[in-house]
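Student: Just to be clear, the model below is a prediction. Sequence and coordinates:
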Amino acid sequence: MAAMRKQLLRAVLIGLILLVPGAVFAVADGSASSEPAPSDVSPSDIPPYDTFPQALGGFYGPFSGSGIHYHRWFGDTGLHANFGVIYVPFGTDMWWDGGTTLDYSLGAEYQRRVYGEVFAPWLTGSLYVFAALRHRGYIPVILVAEGYYADPEDPNTWVDPVFELGTYQAELTVGAGIGVELILFRHLSLPVEFGYGANWTVTEPDLADAFAVGPNLQVGLRYRY
């Protein structure tokens, strides 16, 4: 039964790896064919996620937060944290397209690896499940009046749209799903995650508009050390 479970997990991990764009494998194959594999690296070595448990990079995550990213494995347990902020001063003479003047997020994620394998000296993969929590805060820019031509036949009579600052909005998001981490050349880490999450806009008084549930994709790029 254990052997069957191991084969099933391996098949799932290999299938997820095949979803990564073929360009990754093309680069890896080209490097492998032009340079001999170092004598001190072999598939039987300790996996890179054990040798280099920490990682720094960038991450995009509707469930876990987006921005600067830190990750660490503690055996089969993984933790990561993200923080990102964007601020653009608001000006009534500037064009806005339903954006924000302030937008930040802070998030964390708990992971549990269920399978991992060194497939080649330059390629390692691990399959894990995750649970995520994120807080986001932002100040929206609201369109008050559409732009228009005072005289439809004269293009010089265009009147700009009118925007104004909205009120601060706060969100809490929880999510869970599965992820795969590809490690290229023992240091370059590419996490890809898919899961379902629930988002609550805390400052929205109308409960019908305050909650949203749905699937989403999370990706990152980081360096293991």
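Tutor: Thanks, I have the structure now. The structure presented is a predicted model; accordingly, all values stated were derived computationally and were not measured. Residues are numbered from 1 along each chain as shown.

Student: can we go C-alpha only for contacts and neighbour counts from here?
Tutor: Fine.

Student: hey, where'd the strands end up in this structure?
Tutor: In the chain, the strands defined using DSSP state E lie at 54-60, 67-74, 77-87, 100-120, 123-145, 148-149, 158-159, 162-165, 169-184, 188-201, 211-224.

Student: For this structure, which residues score under the pLDDT cut-off?
Tutor: Segments of the chain classed as low confidence (criterion: pLDDT under 70) are 1-44, 92-98.

Student: Looking at the strands of the chain, which is nearest to residue 45?
Tutor: Among the strands of the chain, the nearest to residue 45 by C-alpha to C-alpha is strand 100-120 (8.1 Å).

Student: What pairs with the closest one, parallel or antiparallel?
Tutor: Sheet pairing of strand 100-120 (DSSP bridges) gives strand 77-87 (antiparallel), strand 123-145 (antiparallel).

Student: My understanding was that residue 69 contacts residue 59; is that so?
Tutor: Yes - between residue 69 and residue 59 there is a contact under C-alpha atoms under 8 Å: 5.8 Å.

Student: shared neighbours of those two, which are they?
Tutor: Counting by C-alpha atoms under 8 Å, 6 or more residues apart in numbering, the residues touching both residue 69 and residue 59 are residue 82.

Student: more crowded one of these two?
Tutor: Each of residue 69 and residue 59 has its neighbours counted (other C-alpha atoms under 10 Å); residue 59 has more, 25 against 22.
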